[in-house]
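A.B. asks: mind folding the following:
(2 chains)
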Amino acid sequence: MLTRVKSAVANFMGGIMAGGSGSEHGGGGSDLPLRFPYGRPEFLGLSQDEVECSADHIARPILILKETRRLPWATGYAEVINAGKSTHNEDQASCEVLTVKKKAGAIISTPNRNSAKRRSSLPNGEGLQLKENSDSEGVSCHYWSLFDGHAGSGAAVVASRLLQRHLAEQLQDIVEILRNSAAPPPTCLGEEPEGAPAPRTLTRAASLRGGVGAPGSPGTPPARFFTEKKVPHESLVVGALESAFKEMDLQIERERSSYNISGGCTALVVVCLLGKLYVANAGDSRAIIIRNGEIIPMSSEFTPETERQRLQYLAFMQPHLLGNEFTHLEFPRRVQRKELGKKMLYRDFNMTGWAYKIIEDDDLKFPLIYGEGKKARVMATIGVTRGLGDHDLKVHDSNIYIKPFLSSAPEVRVYDLSTYEHGADDVLILATDGLWDVLSNEEVAEALTQFLPNCDPDDPHRYTLAAQDLVMRARGVLKDRGWRISNDRLGSGDDISVYVIPLIHGNKLS
Amino acid sequence: MTYAYLFKYIIIGDTGVGKSCLLLQFTDKRFQPVHDLTIGVEFGARMVNIDGKQIKLQIWDTAGQESFRSITRSYYRGAAGALLVYDITRRETFNHLTSWLEDARQHSSSNMVIMLIGNKSDLESRRDVKREEGEAFAREHGLIFMETSAKTACNVEEAFINTAKEIYRKIQQGLFDVHNEANGIKIGPQQCISTSVGPSASQRNSRDVGSNSGCC
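C.D. replies: Numbering: from 1, shown residues only, chains lettered A, B, ... in the order given. Got it, this is the predicted structure:
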């Protein structure tokens, strides 16, 4: 991704960026210590020597899970380093099973004096919230993450280590509510959940009287005469993911004064919790489900093109963010001075179509969003519009910060595992743009539907071999004119990382 | 740890000939009788001393199965040395040498030093390929040859080190461009880049290299 930032800046300025990995150490200042040392995903279990060997930009070894290692659900994983655009592989990944327990001491429901007696009689498990140590086995949450760094590996490394902790923290607060699927999530904590049968009669009686709870029963919720939005349980998980991304980004922002956390990264996270998959994406990585040969997209990409209207609107509302150097309007090409006063096609934040406007002086400024497809950039600098980090990223040779235009908010899609009896070849694919830049969803699906049925269904490594096959198809083979894939197309020179997650393991959960 | 040069090796040959065991014996000095199949590629590294110079060997151990051939082909790129291994108790692994050699020659730099290794020399009673056959194949194709045992460690050090010596000799002769990483050689950090080396090398070499027969 580094080149995507760099080449655009160079293009725009018409100048030359300081060579090599000039931006490797980001704005955090390279005198500061690293937050975490650079490495490859922990689950690969590579020694320092192995990490060194793997960073071979000439032979580009495809790294896979070792035979002796297993990921949850027999998940497959493979990766390859870029063809030389950055010293390090700037993709990062982590995968683990989190056990989410209610935070010690955090009591989400007001204790009831006679709770101990009522506990067993409450089918909705409300009583579970009353004692800190009661029923503390926790809920297990499967977690897969993929990050694609740019302008340094710091942010991606930090996020791969810490995002899951932020998520666990968010989930701790709601784990008891999630478990208690019979009752809707309480709107306001500290009140008695509405679904509880015992107090319901009281509530009804109270509401008939038009008053608050009967004296002497503090747990009785107040009567309501207004309608209340019903919030489903899964929305709380979505909210937890969104909050975790935000907290992660804030932590990187805080800690960059004491650590060298270089660059930024996209983030793609999958969580399996209580029978549902949650796919959270901020950036241009992609997740698809391949089910019985059918493709189900589970994410969309956030790029200058897909987020044009959001970015233009922000610039329109807060023009100072453009530093008097850029215009928020889009034109089909750069406007030339001699065209002043003529009418030219343009579009603003409120438009998906095009219209004509008279060219004014302001329109001669460089467009906020410029370029097409993979070359589209925000302020000629960055080609991805959501992710973590990048707090110090500025337009080249200026004081204009990019960060206000970037969002750490993921889009979260939910997939209910119980709706389908998954077979051994039904998988969820997560991959960084290194894969998707050169292979379409259809090509990936076709490759898998060719590959998986030809592997032993009991081979615990079949999904890793499938991931390796996909990386191989995207990297290609080294020929005289660079890396080539099928039909003599150009292979991906980017870092490529791929998870193949078999969904058959999700059947057991539901 | 600092080093004068880094040499990249690749170990190739049919599945089950003992490639991973050779690597493990060389890097960890141990033998693992039951070893998982290598899938894809694994790495090892060790520092050796050649002619008073610290040299880091970076060794790529590739999967031997046919299905991985297309993947491992790119790994010849940037290798300075290759250990081409067969199993002296299984003739078919010897018969396949030609095809491995073709692959290696086609995808590597022309200066790559290739060491032919007949492994499992401890299993003399089950020998299926005569030592002379290995020697003849090596002579015919311009390879260095040794028989080794990853189990007893016999000649394992020598196989890796003699390959390094040959690469080092080629560097001294100016056959390798040490500045081109595609040749599988890197100059160590903060090393002075002078390739002219004194004549003392040959004397030491004669003592170490000559021990081909050794224990096997």
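A.B. asks: list the contacts of the closest residue to A:Gln468 other than its chain neighbours.
C.D. replies: Counting by C-beta to C-beta, 6 or more residues apart in numbering or on different chains, A:Gln468 lies nearest to A:Ala78, which is 4.2 Å off, once chain neighbours are set aside. (C-beta placed from N, C-alpha, C; glycine too.) Applying C-beta atoms under 8 Å, 6 or more residues apart in numbering or on different chains, we find A:Ala78 in contact with A:62-65, A:464, A:467-468, A:470-471, A:497-498, B:40.
A.B. asks: redo those as a markdown table? Include secondary structure and distance to B:Phe26.
C.D. replies: Shown next, in a markdown table, are the contacts of A:Ala78 (DSSP: H, G, I helix; E, B strand; the rest coil; distance: C-beta to C-beta, whole Å):
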| residue | secondary structure | distance to B:Phe26 |
| --- | --- | --- |
| A:Ile62 | coil | 24 |
| A:Leu63 | strand | 21 |
| A:Ile64 | strand | 23 |
| A:Leu65 | coil | 24 |
| A:Thr464 | helix | 27 |
| A:Ala467 | helix | 30 |
| A:Gln468 | helix | 26 |
| A:Leu470 | helix | 33 |
| A:Val471 | helix | 29 |
| A:Ser497 | strand | 31 |
| A:Val498 | strand | 32 |
| B:Gly40 | coil | 20 |
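A.B. asks: go ahead and confirm A:Pro404 touches A:Gln318.
C.D. replies: Yes. If you go by C-beta atoms under 8 Å, A:Pro404 and A:Gln318 touch, sitting 7.4 Å apart.
A.B. asks: pull up the distance across stretch B:169-176, start to finish.
C.D. replies: Terminal residues of stretch B:169-176 are spaced 10 Å apart (C-alpha to C-alpha, to the nearest Å).
A.B. asks: get me the contact residues on chain A for chain B.
C.D. replies: By the rule C-beta under 8 Å from any C-beta of the partner chain, the part of chain A lying against chain B is A:49-50, A:52-54, A:56, A:58-64, A:66-68, A:78, A:461, A:464-465, A:468, A:472, A:477-478.
A.B. asks: of the residues you listed, just the buried ones, PyMOL syntax please.
C.D. replies: Only the buried entries of the residues of chain A next to chain B go into this PyMOL selection, using 16 or more other C-beta atoms under 10 Å in any protein chain shown:
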select buried, chain A and resi 49+50+53+54+56+58+59+60+61+62+63+64+66+67+78+461+464+465+468+472+478
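A.B. asks: which residue ranges of chain B form helices?
C.D. replies: Taking DSSP state H to define them, one finds helices in chain B at B:19-28, B:69-72, B:91-95, B:97-107, B:131-141, B:156-172, B:200-209.
A.B. asks: quick one: average pLDDT of the second one?
C.D. replies: Model confidence over helix B:69-72, given as mean pLDDT, is 86.
A.B. asks: show me what contacts the most centrally placed residue in chain B?
C.D. replies: With distances taken as C-alpha atoms, centre = their mean, B:Leu83 lies nearest the centre of chain B, 3.2 Å away. Contacts for B:Leu83 were tallied using C-beta under 8 Å, 6+ apart; they are B:9-13, B:19, B:22, B:114-115, B:117, B:159-160, B:163.
A.B. asks: measure it to chain A for me?
C.D. replies: Going from B:Leu83 to chain A by C-beta to the nearest C-beta, to the nearest Å gives 16 Å.
A.B. asks: report the beta-bridge partners for that residue.
C.D. replies: B:Leu83 forms beta bridges with B:Ile11, B:Met115, as assigned by DSSP bridges.
A.B. asks: just the ones of the residues of chain A next to chain B in strands?
C.D. replies: A:63-64, A:78, A:477-478 (DSSP state E).
A.B. asks: and the two most separated of these?
C.D. replies: A:Ile64 and A:Leu478 (19.0 Å; C-beta to C-beta).
A.B. asks: low-confidence bits of chain B, can you list those?
C.D. replies: Along chain B, the parts satisfying pLDDT under 70 run over B:190-216.
A.B. asks: what of the stretch 51-200 of chain A?
C.D. replies: A:104-136, A:191-200.
A.B. asks: residue contacts, the closest residue to A:Gly138 other than its chain neighbours?
C.D. replies: Setting aside the residues directly before and after it, A:Gly138 is nearest to A:Lys101 in space (C-beta to C-beta, 6+ apart), at 3.8 Å. A:Lys101 is in contact with A:136-139, A:172, A:175, counting by C-beta under 8 Å, 6+ apart.
A.B. asks: still on that earlier bit, out of the helices of chain B, nearest to A:Asp284?
C.D. replies: Short answer: helix B:69-72, nearest of those by C-beta to C-beta, at 26.5 Å.
A.B. asks: the closest one packs against which elements?
C.D. replies: helix A:462-475 (3 or more C-beta pairs under 8 Å, 6 or more residues apart in numbering or on different chains; DSSP states H and E).
A.B. asks: can you pull the residues of chain B lying near chain A?
C.D. replies: Within chain B, the positions near chain A by C-beta under 8 Å from any C-beta are B:8, B:36-45, B:58, B:60, B:70-71, B:73-79, B:181-182.
A.B. asks: buried ones only from those residues, please, as a PyMOL command.
C.D. replies: Selection of the buried residues among the residues of chain B next to chain A in PyMOL, burial being defined by 16+ other C-beta under 10 Å:
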select buried, chain B and resi 8+38+39+40+41+42+43+44+45+58+60+71+73+74+75+76+77+78+79+181
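A.B. asks: quick one: least confident helix or strand in chain A?
C.D. replies: Lowest on mean pLDDT, DSSP states H and E among the helices and strands of chain A sits helix A:115-118, with a mean of 38.
A.B. asks: now the following helix or strand past that one: buried residues?
C.D. replies: The first helix or strand that comes after helix A:115-118 along the chain, using DSSP states H and E, is strand A:139-150. Going by neighbour count (16+ other C-beta under 10 Å), the buried part of strand A:139-150 is A:139, A:141-150.
A.B. asks: and if you look at stretch A:486-504?
C.D. replies: A:491-504.
A.B. asks: what's the distance between that stretch and the middle of its chain?
C.D. replies: Here stretch A:486-504 is found 18 Å from its chain centre; the criterion is C-alpha atoms, centre = their mean, to the nearest Å.
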